[in-house]
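Student: turn this into a model:
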Amino acid sequence: MASLATPVQLTGAESGLVSGAAAVAQPSVMNRIYKKLSPKKLTFTHVCEVGVYIPETSNVLEFVRDGVRATLVEADPEVAEKIRVTFATNNVRVYPVAVWATTGTLQLSRAASSTFATALPSSPARENDRYHVREELTFEVPCVQFSEIDDGTIDLLSIDIEGAEWYVLKHLRSRPKVLSLETHGKYYTNPFMPQISDWLHRHGYVLWYKDGSDSVYITQGLFAASFLDQLETRQAELLIRWKKLKRVFKKK
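Tutor: Have a look, this model is predicted:
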């Protein structure tokens, strides 16, 4: 079903915006991954984000502004339309689909930025917000394997799809230099961490740093994690353990 992965190619004329410009409000704080990569003087030719949510919070927003070719994947059709309208540039392709283990249709549970695949055993909304699935908040979307989207040239990849990150890695054709994954947060741990960790090890990725919800990996030998990177990771790990310990005591 190749039609499910058909991208929306944007031009300025389609949205009434100036071609080549991302008409989105400037964020008050520069995206962390972009800020940390800027001193490295690396060249990126194709960035990809799976699970964009609103355009203003895109993890690759500054790369898009720099004119880097971008592939943006967003399952929620309402949000995907906002992305389509906002990023009116020939360097952006929007895929309004979910990424899953199979191609077909997938049921999602709507929870704003934490919208997730209902079939998942665990997600941030379930673990952190005690979200209960309600029929009136579920909807179906087309889904594809990531190999239908990935052309093999992605060199920076950000994945934040609320527990389904493994399904992107499992069918990944590219070998990005930099790989950002939502792996944790408050009480939540990604349900596929064993599979993710094994994949990263087999394909030569090492941890660069962790923050409150994401783990960012780089190809081995790209550069060394600094003392501040290691300190940030250590602080994030201690905070994760503390929050989970607090939860245990609350249950007693």
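Student: contacts and neighbour counts: CA atoms only from here.
Tutor: OK.
Student: which helix in this structure runs the most residues?
Tutor: Looking only at the chain and at elements set by DSSP state H, the helix with the highest residue count is helix 227-251.
Student: now what about that helix, what contacts it?
Tutor: Taking CA atoms under 8 Å, 6 or more residues apart in numbering as the criterion, the residues outside helix 227-251 that touch it are 184-187, 208-212.
Student: farthest-apart pair in those residues, please.
Tutor: The widest separation within the contacts of helix 227-251, taken as CA to CA, falls between 187 and 208 and amounts to 22.2 Å.
Student: okay, those two: which has more neighbours?
Tutor: Ranked by neighbour count (other CA atoms under 10 Å), residue 187 and residue 208 place residue 208 first, with 22 against 18.
Student: now that one: which helix or strand?
Tutor: Taking DSSP states H and E as the criterion, residue 208 maps to strand 205-210.
Student: partners of that strand, with directions?
Tutor: Partner strands and pairing direction for strand 205-210 (DSSP bridges) are strand 214-219 (antiparallel).
Student: before we move on, the earlier item: the longest helix of the chain vs strand 214-219, what angle?
Tutor: Orientation note: helix 227-251 sits at an angle of 140 degrees relative to strand 214-219 (axes from the mean of the first three to the mean of the last three CA atoms, to 10 degrees).
Student: per-residue confidence averaged over helix 227-251?
Tutor: Averaged across helix 227-251, the pLDDT comes to 84.
Student: which stretches in the stretch 101-250 of the chain count as strands?
Tutor: Listed in chain order, the strands of the stretch 101-250 of the chain (DSSP state E, counting those that start in this stretch) span residues 104-109, 116-117, 138-144, 156-159, 178-182, 184-185, 188-189, 205-210, 214-219.
Student: hang on, the earlier thing: tell me the angle the strand holding residue 208 makes with strand 178-182.
Tutor: Taking the same axes, to 10 degrees, one finds that strand 205-210 is oriented at 60 degrees with respect to strand 178-182.
Student: what comes into contact with strand 205-210?
Tutor: By CA under 8 Å, 6+ apart, strand 205-210 touches 200, 215-220, 224-225, 229-230, 232-233, 236-237.
Student: quickly note the distance from residue 163 to residue 76.
Tutor: With distances taken as CA to CA, to the nearest Å, residue 163 is found 16 Å from residue 76.
Student: cool, thanks, talk later.
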